[in-house]
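*Asks:* sequence and predicted model, in that order:
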Amino acid sequence: MNDHPATHSLPDHHHAEPDELARKLAYAGLIPFIGGALFIWLLVGRVEDEPFMFVVRAITSYAALIVAFLGGIPWGLMMWRSTWHMEAPPHYRRALWTGVIYSLAAWLALLMPPHAGLVVLGFLLIACYLSDRKRYPELGVSGWLTLRFRLTCVSSLSCFLAAAQI
């Protein structure tokens, strides 16, 4: 029997869903979004500028990191796929480009004034999800879309609420 990866077909993960640990960690990843937005709403006009801006920078930079992280997911899936020694179809290559664009857009949003950058980041989080609704089935991980939808709703709303208070 030949155990070389190229002789096997790719496993079908279209219906695979995140396990309990992945769900718990994903929801824990919302803490900086929710906490940041909540602190901004509670602290605006009540504390010195320096600690307030620390919280603003914290949620803004975290949102940018998450957008970049989301852009890295297709890269990771492509790296895994390349171990199967199969040529990448065009939609996989588009997923790689999309990942780079997410990261660059997040970086630009991070350079903007926070009230504008948080709005851009909120829309980027939504754009990532909308793009991934198409990409995840193509990449074999559509079972993660329900979790992604929930995370996107809370994280983007947190960005918009924080921006509204700055």
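*Replies:* Cool, the structure landed. Numbers count the residues shown, from 1 in each chain.
*Asks:* give the burial count for Val141, as a bare number.
*Replies:* Val141 is flanked by 21 other residues according to other Cβ atoms under 10 Å. C-beta here means a position set from N, CA and C on the backbone, and glycine is covered the same way.
*Asks:* do you know the pLDDT at it?
*Replies:* Among the per-residue scores, Val141 holds a pLDDT of 89.
*Asks:* can you check Ala16 too?
*Replies:* With respect to pLDDT, Ala16 has a value of 77.
*Asks:* can you pull out the strands in the chain?
*Replies:* Shown for the chain, no strands are assigned by DSSP state E.
*Asks:* show me the residue at the heart of this protein, geometrically.
*Replies:* Nearest to the mean C-alpha position of the chain, by Cα atoms, centre = their mean, lies Leu70 at 3.3 Å.
*Asks:* what are the neighbouring residues in contact with that residue?
*Replies:* By Cβ atoms under 8 Å, 6 or more residues apart in numbering, the residues touching Leu70 are Tyr102, Leu125, Cys128, Asp132.
*Asks:* setting aside sequence neighbours, what's the nearest residue to Arg23?
*Replies:* Leu147 (6.3 Å; Cβ to Cβ, 6 or more residues apart in numbering).
*Asks:* am I right that that neighbour is in contact with Lys24?
*Replies:* No - Leu147 sits out of contact with Lys24 when judged by Cβ atoms under 8 Å, with a separation of 10.9 Å.
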